[in-house]
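Peer 1: Okay, here's the prediction I keep looking at, along with the sequence it came from:
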Amino acid sequence: MNVLGIDTSCDDTAVAIVAGGRIVLSSVISSQTGLHAATGGVVPEVASRRHLDDICPALMRALDEAGLGLKKIDAVAATVGPGLAGSLMVGYNLARSLAWASDKPFIAVNHLEGHIYSAWLAEDDAPPPPPAFPVLILIVSGGHTELVMMAGHGRYGRLGGTRDDAAGEAFDKVGRLLGLPYPGGPAIQAAAERALGRGAIALPRAWLRGNDDFSFSGLKTAVLHLTQAHADEQPDRTEAGSIAPAIEQTAPGAANADGWVNAVAAGFQDSVADVLATKTAAAARRQRVASVVLCGGVAANSAIKARLRAALPDGLPLYVPRPAFCTDNGAMIAAAAYYRLDTAVDPAHSPDVSPGLALPL
Ligand code: KG4
Ligand code: ZN
């Protein structure tokens with residue numbers, strides 16, 4: 001069964017075709033990163049307009065790369081939330097129209113459930129076994145940090161999550177403070193790699209003992225204070241007491257030459273990786289799970305992945321999608337839809353998008 005999946009929840013226009021819920025036949029992602037770099041973040045109106053331009057070419061390319069006509073598509077799926085309302089509407093309405101016009105079932109997919117099912121994706125005709133239930137899932141994306149138990153397909157229980165910033169949001173904000181390009185996640189990883197050998201600046205960890213919650217705002221504030229202090233120490237290059245000049249003088253290019261920025265980036269990444277890995281591993285032991293999934297854009301971070309692997313008990317399988325399937329993509333939406341075909345609806349009567357949608361518990 002071939003499912004066509006569309007995701008336009010934020011700033012990627014993504015269309016993919018997945019066979020049998022697992023095998024990716026094509027996955028097209030038109031990234032808007034360059035468009036939003038100038039503003040240092042996503043401007044919703046700008047994002048939804050670009051989705052309108054990009055969505056039809058992405059759809060045609062996805063069909064083309066899979067070598068399939070619409071006739072060979074059995075169901076159409078799209079993200080309905082959580083995400084930016086205007087962006088969600090573009091993919092959702094195209095998917096619904098396509099399903100209606102070609103008389104196919106339509107599946108409305110929760111973006112977080114999509115991230116979970118990215119761990120089921122494979123590009124081989126003979127995919128390895130999928131995660132065994134019960135699975136412990138850590139979703140770390142730009143908008144969410146959730147620790148979830150999954151007892152079976154569509155059966156979730158929430159253990160904890162962030163009390164303030166999402167992990168990806170913290171990466172993006174700290175990237176900005178350090179004058180690194182948007183999005184902060186990949187830029188911080190690269191800066192941290194450049195720091196290797198010269199060491200990381202030690203930063204605090206919020207353990208919030210006795211529960212499975214996370215907090216990253218204190219860490220972000222610690223970086224802000226460091227940045228201010230660093231600016232004060234450089235009176236010839238910056239105005240004392242002001243953060244803005246510190247950002248300017250470490251703007252892209254300058255930041256790359258700055259060993260101090262690299263050391264802060266490494267310290268920040270260490271702190272996030274340590275807390276995520278230690279708390280997830282503790283939950284995995286306590287819940288006696290059969291496998292663990294790390295997913296969402298921040299799962300593309302190789303240091304976080306390595307730290308979690310090292311913290312988990314030996315022999316407990318860890319699934320981390322390859323980076324292109326950690327960040328937003330259409331394949332994860334098609335996979336989630338395949339396992340939730342029971343929720344298929346008549347596309348003409350599907351409810352509207354839901355920007356604040358939570359995981360169905
Ligand atoms: O899942 P995603 O593509 O979109 C949301 O659903 O939010 O996640 C985007 C987030 C951004 O905050 C980005 O900075 C972060 O994932 N990210 C990373 C890396 N690549 C992307 N964070 C840390 N290290 C990376 N290599
Ligand atoms: Zn996402």
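Peer 2: Happy to help now that I have it. Residues are numbered from 1 along each chain as shown. Ligands and ions are numbered 1, 2, ... in the order given.
Peer 1: In contact with Lys305: list those residues for me.
Peer 2: 294, 299, 320 (CB atoms under 8 Å, 6 or more residues apart in numbering). (C-beta placed from N, C-alpha, C; glycine too.)
Peer 1: wait, does the strand or helix carrying it make contact with ligand 1?
Peer 2: Element membership for Lys305 (DSSP states H and E) is helix 302-311. No - using CB under 6 Å from any ligand atom, helix 302-311 never reaches ligand 1; the gap is at least 7.0 Å.
Peer 1: ok, whichever helix or strand comes after that helix: who's next to it in the sheet?
Peer 2: Next in sequence after helix 302-311, counting helices and strands by DSSP H and E, comes strand 318-319. According to DSSP bridges, strand 318-319 forms sheet pairs with strand 291-295 (parallel).
Peer 1: Excluding chain neighbours, what is closest to Leu357?
Peer 2: Closest residue to Leu357 apart from its sequence neighbours, by CB to CB, 6 or more residues apart in numbering: Gly81 at 3.2 Å.
Peer 1: Now do the contacts for that neighbour.
Peer 2: Contacts of Gly81 by CB under 8 Å, 6+ apart are 9, 88, 110-111, 353-357.
Peer 1: Need the buried ones from the residues you listed selected in PyMOL.
Peer 2: Here is the PyMOL selection string for the buried members of those, based on 16 or more other CB atoms under 10 Å:
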select buried, resi 9+88+110+111+353+354+355+357
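Peer 1: The residue in the stretch 1-150 of the chain that ligand 1 sits nearest to sits in which helix or strand?
Peer 2: Proximity of the stretch 1-150 of the chain to ligand 1 (CB to the nearest ligand atom) peaks at Gly142, 2.7 Å away. Under DSSP H and E, no helix or strand contains Gly142.
Peer 1: same question, the one 4 residues further on
Peer 2: Taking DSSP H and E as the definition, Glu146 sits inside strand 145-152.
Peer 1: Next: Asp328.
Peer 2: Asp328 is part of no helix or strand, with elements assigned from DSSP H and E.
Peer 1: per-residue pLDDT, the residue of the stretch 51-200 of the chain found nearest ligand 1?
Peer 2: Closest approach of the stretch 51-200 of the chain to ligand 1 (CB to the nearest ligand atom) occurs at Gly185, with a separation of 2.1 Å. pLDDT for Gly185: 97.
Peer 1: what's near enough to touch the residue nearest to it when sequence neighbours are not counted?
Peer 2: Closest residue to Gly185 apart from its sequence neighbours, by CB to CB, 6+ apart: Phe171 at 4.2 Å. Residues in contact with Phe171 (CB under 8 Å, 6+ apart) are 183-185, 188, 268, 272, 298.
Peer 1: Alright, that wraps it up for me.
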